[in-house]
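Engineer: here's a sequence, model it:
(2 chains)
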Amino acid sequence: MERLLLILRAVFQSKRADRELDEELQYHLDMQVQEGLKRGLTPQQAQTAAKRALGAITQRKEEIREARPLHSLDGLWADIKYGLRGIRRNPGISTLIVLIMALGIGATTTVFGWIDGMVLHPFRGATDDGQLAVLEAVRANGIEAPRVSYADSRDFQDSLRSISGLLLSEKGPASIGEGENAYVVWYENVSGNYFHVLGVKPILGRAFARDEYGDRAKSLTAVISYRLWKNYFHADKSVLGRTVRINRYPVTIIGVAPPEFVGDFPGVALDVWVPAPVADQRNARRFWAIVRLKPGVSISQASAEAATVAANLSRAFPKTNEGVGARIVPIWKAQDGASSILASPMAILGAACGLVLLIACANVANLLLARSVSRQREFGIRLALGAGPGRLRRQLFSESLLLAALATVSGLPLALWFQSLPAYLVPPTGVPVYFNVNPSARVFLFAALVSLVSAQISGLPPAFQSLRSNVVDALKQGGRSDTQSGQSRRMAGMLW
Amino acid sequence: MSKPTDLVQGTLDLLILKTVALEPVHGWAIAQRIRQMSSEVLQVGESALYPALHKLEQRGWIEAEWKLSEANRRAKYYSLTRAGRKALAAETENWERLAGAISAIVRMV
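Structural biologist: Below is the predicted model:
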């Protein structure tokens, strides 16, 4: 407890701690003077002797300060203020640096946003989508579509111990309404546990009940998308319980999905979900299957288990299941869906942007290096005044961090806008193509990380270079300040 | 910027702890006592003493209090904490082992 107080005091009262240190040393000085007087020195001599003895300690004050806990926070504010002043002093070069970095950080963040939203996390609105994976049928010839039949899915659901749920869906176009009000929507025939497995809760009404799915279903029900509810039903709350005709069948609307939810198939936005009539033939393989893994289970474990179950099925039902295996894969490795189509181009794009960022960092490092050469004198003076090399390095690092932060702040809005662009590039086909281009928290985290890393990369060479500066050389106002030293030239050569 | 090497690193800590253990003292007095107790052999410079004192304080082995000194002035008095007392015992034992080992070697020839 007392230790904690000490730490807190050190953080919030570093000024006071400095004052107390001065007072303590002053006391020591006075005692020393008295001692000198006792030994018969004149007051003048005693003063001088004492001051000389104590003079050595002013150089070590920084060391005493560094002994304080969280000392590093101490000068942070000073560093930031100093860095801002440096930026204002060189507005041209600073703007250039910020622009270069903004380009690098912006481009990388944009592509990360695409990879994050379109490839890795396409299921917007689903809860804990990291646990969702695709169950596929695998055939030796690899030609037929990798879909799963209802009857097989029952066996997978019952025997796979690594999953907590399995949903089925099959999508297609449908007409909603009749006559002049008819409207084309994309709908899905789904299993009754669809919303439960995805972890999606309707914002209006409810999801399907047990007796609304399968053989027990007396009538058809539907959950509609928020988009359809807004555009077709004009956000009318009395839509619940209303019966509409979907492909001429009477269907009762029981719920409205939340606005962010668009379905379980990457690349397509769906508008109506209806519990599917059950087909019992094992070879009626027409369903897209998503499983939710139990916590702590890896995809490869689940996949191995699925393969075993499939092997058992082909032994038990050779007529329909001969040569049909199964596997569980992450969404971006599935044989179907936009995520897997986009995975490799996005990886290439990401690598290219990483290179752009590296080149940007190298350029910035060069500009900073040029600036640090002209600042040799300043560093020399600071070293002579007792600043430790660590203190100087921190100063330089916080300067490049400041620049990177400014670059991120100016590059991020651009990146977020760029991220949303694929939505405008979709040609108007009959299919409601949809990409998840909404930035997640991960995108912001990534931008912060990239900013930190690029500050580190571009700030290191100047920091090393400046520490090589010799106090005496730097303070001499000779030709040093206008010709580069061999060291800095070598460093610059390496960067270009 | 070399650090004073008058004393083996770590030994100064032990000397300070020992001095402070007797009664609360301020920095000046610590330097004086070490000099007197060692019959003028050990001279502790200010530039080594104060960093060491502050380091020990941050480590929680000694604590400081502002009090009036004999000269009727405000001075920072250091005293041993409970952790410091334990540390002193450990450091003393360490020192004795080390000193014994060194003198055993030195006297061998």
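
Engineer: what about the residue positioned nearest the centre of chain B, which helix or strand?
Structural biologist: Closest residue to the average C-alpha location of chain B: B:Ile16 at 1.4 Å, with C-alpha atoms, centre = their mean. Applying DSSP states H and E as the criterion places B:Ile16 in helix B:11-22.

Engineer: and the angle for the longest helix belonging to chain B with helix B:11-22?
Structural biologist: Counting by DSSP state H, the longest helix found in chain B is helix B:82-106. If you take axes from the mean of the first three to the mean of the last three C-alpha atoms, to 10 degrees, helix B:82-106 sits at 130 degrees to helix B:11-22.

Engineer: list of residues touching helix B:82-106?
Structural biologist: Identification of contacts with helix B:82-106 by C-beta atoms under 8 Å, 6 or more residues apart in numbering or on different chains yields B:10-11, B:13-14, B:17-18, B:20-21, B:56, B:60-62, B:80. Every C-beta, even on glycine, is put in place using the N, C-alpha and C of the backbone.

Engineer: going by distance to chain A, which of the residues you listed wins?
Structural biologist: Of all these, B:Gly60 has the smallest distance to chain A: 5.2 Å, by C-beta to the nearest C-beta.

Engineer: can you list the residues of chain B near chain A?
Structural biologist: By C-beta under 8 Å from any C-beta of the partner chain, the residues of chain B that approach chain A are B:1, B:26-28, B:31, B:45-47, B:50-51, B:54-55, B:57-58, B:60, B:63, B:66, B:69, B:71, B:73-76.

Engineer: so which of the residues you listed belong to strands?
Structural biologist: Judged by DSSP state E, strands contain the following of these: B:His26, B:Glu63, B:Trp66, B:Arg74, B:Ala75, B:Lys76.

Engineer: dihedrals phi and psi, the residue nearest in space to the middle of chain A?
Structural biologist: Closest residue to the average C-alpha location of chain A: A:Arg442 at 2.6 Å, with C-alpha atoms, centre = their mean. Per-residue torsions, A:Arg442: phi -60, psi -40 (degrees, to the nearest 10).

Engineer: on that earlier part again, most surrounded residue in the ones in strands among the residues of chain B next to chain A?
Structural biologist: Per-residue neighbour counts (other C-beta atoms under 10 Å in any protein chain shown) across those peak at B:His26, which has 25 neighbours.

Engineer: any idea what it is bridged to?
Structural biologist: Beta-bridge partners of B:His26, counted by DSSP bridges, are B:Tyr77.

Engineer: same deal with B:Leu68?
Structural biologist: Beta-bridge pairing for B:Leu68 (DSSP bridges): B:Arg74.

Engineer: give me the angle between the helix or strand bottoming out on mean pLDDT in chain B and helix B:11-22.
Structural biologist: Here the helix or strand of chain B ranked lowest by mean pLDDT, DSSP states H and E is helix B:46-59, holding a mean of 83. Calculated by the same axes, to 10 degrees, helix B:46-59 forms an angle of 70 degrees with helix B:11-22.

Engineer: and helix B:46-59, what does it pack against?
Structural biologist: With contacts defined as 3 or more C-beta pairs under 8 Å, 6 or more residues apart in numbering or on different chains; DSSP states H and E, helix B:46-59 has these neighbours: helix A:2-12, helix A:14-38, helix A:43-58, helix A:61-67, helix B:11-22, helix B:27-37, strand B:62-68.

Engineer: go through the ones you listed and name the closest to A:Gly325.
Structural biologist: Counting by C-beta to C-beta, A:Gly325 lies closest to helix A:2-12 out of these; the figure is 60.5 Å.
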